[in-house]
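>>> Fold the following for me, if possible:
(one chain, ligands or ions: 2)
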Amino acid sequence: MKKIISCSILNVDFLKLNDILKQLYENKIPWLHFDVMDGNFVKNLSFGSSILKSINDSEYKFFNDVHLMINNPLHYYLDFIEAGASMITFHIESYNFDFEKNLKLINLIKSHNVKVGISLKPKTNISEVFKYLKYVDLVLIMSVEPGFGGQKFIEETYQKIHELKKEINKENLNVLISVDGGINDTNAQKVREYGADVLVSGSYLLADIKDRKNKL
Ligand code: DX5
Ligand code: ZN
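Ligands and ions are numbered 1, 2, ... in the order given. Here you go, the predicted model:
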């Protein structure tokens, strides 16, 4: 099991972004998590691919983990690839669980030699992702209702991680499990014990990167 931290920049003060990137880089946080929201798929608007491009062109290099919480990822995924995405993760709910459409997007992302992830909301049953496991690099399990940072971790997430890890092992697949939302020092270890490889953290980590990175 890997031990990766992915820092969500959803709620950063963008006037201080360069200093935050410097701190994250110096503290060896390897992944940056870009929460892209369209105000429709989730009731919040965040940012587009231009932020990713600026960060990708900066002196601080990260694995750019793009999380699309948007209604029509087929229309926008290429902007993020051209802006420097290392991985594109989209929600299987975006096309109402349409397998053919979701698989088409997975293959399009991979055709650009970019990693691909799928994500599911808290209310979506974990078994909905099983049919995609042989095609993707990562599953992003939402441990909060997508749309906002600073929310409370949903306890039922542990069981979802456990079931997904069991399925990945049963199928002998090499798919990373990432958990996103409300991650902090009180749940990080248990989330990893259940099988998570990547922990996404925004508010907890950014409050004190140096001190808190070792608690995730
Ligand atoms: C929520 C986002 C999460 C969130 C994480 O829709 O996908 O990445 O920003 O922020 P915290 O760690 O504050 O819950
Ligand atoms: Zn996210």
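>>> Next, the contact list for whichever residue of the chain sits closest to ligand 2, please.
Nearest residue of the chain to ligand 2: residue 67, at 3.8 Å (C-beta to the ion). Heads up, the C-betas are built off the backbone N, CA and C, glycines and all. Counting by C-beta atoms under 8 Å, 6 or more residues apart in numbering, residue 67 touches 33, 34, 35, 36, 89, 119, 140, 180, 200.
>>> quick one: which of those residues sit in helices?
Among the contacts of residue 67, DSSP state H puts none in helices.
>>> Go through these and flag which are in strands.
33, 34, 35, 36, 89, 119, 140, 180, 200 (DSSP state E).
>>> which of these come close to ligand 2?
35, 180 (C-beta under 5 Å from the ion).
>>> Would you reformat the ones in strands among the contacts of residue 67 as CSV and include neighbour count and distance to residue 206?
Below are the ones in strands among the contacts of residue 67 laid out as CSV (neighbours: other C-beta atoms under 10 Å; distance: C-beta to C-beta, whole Å):
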residue, neighbour count, distance to residue 206
33, 25, 11
34, 26, 14
35, 24, 13
36, 26, 18
89, 27, 20
119, 23, 21
140, 28, 19
180, 26, 15
200, 27, 12
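>>> What parts of the protein come near ligand 1?
Residues of the chain lying near ligand 1 by C-beta under 6 Å from any ligand atom: 8, 10, 33, 35, 67, 69, 144, 146-147, 149-151, 180-183, 200-204.
>>> filter those residues to the buried ones?
8, 10, 33, 35, 67, 69, 144, 146-147, 149, 180-183, 200-204 (16 or more other C-beta atoms under 10 Å).
>>> residue ranges of the helices in the chain, please?
Remark: helices assigned in the chain by DSSP H are 17-26, 49-56, 73-83, 99-110, 157-170, 188-194, 203-207, 209-212.
>>> is it possible to export those to JSON lines including distance to residue 133 and mean pLDDT?
Listed next are these as JSON lines, based on distance: least, C-beta to C-beta, whole Å; pLDDT from 0 to 100:
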{"stretch": "helix 17-26", "distance to residue 133": "30", "mean pLDDT": "98"}
{"stretch": "helix 49-56", "distance to residue 133": "27", "mean pLDDT": "98"}
{"stretch": "helix 73-83", "distance to residue 133": "19", "mean pLDDT": "98"}
{"stretch": "helix 99-110", "distance to residue 133": "11", "mean pLDDT": "98"}
{"stretch": "helix 157-170", "distance to residue 133": "6", "mean pLDDT": "98"}
{"stretch": "helix 188-194", "distance to residue 133": "17", "mean pLDDT": "98"}
{"stretch": "helix 203-207", "distance to residue 133": "28", "mean pLDDT": "98"}
{"stretch": "helix 209-212", "distance to residue 133": "32", "mean pLDDT": "98"}
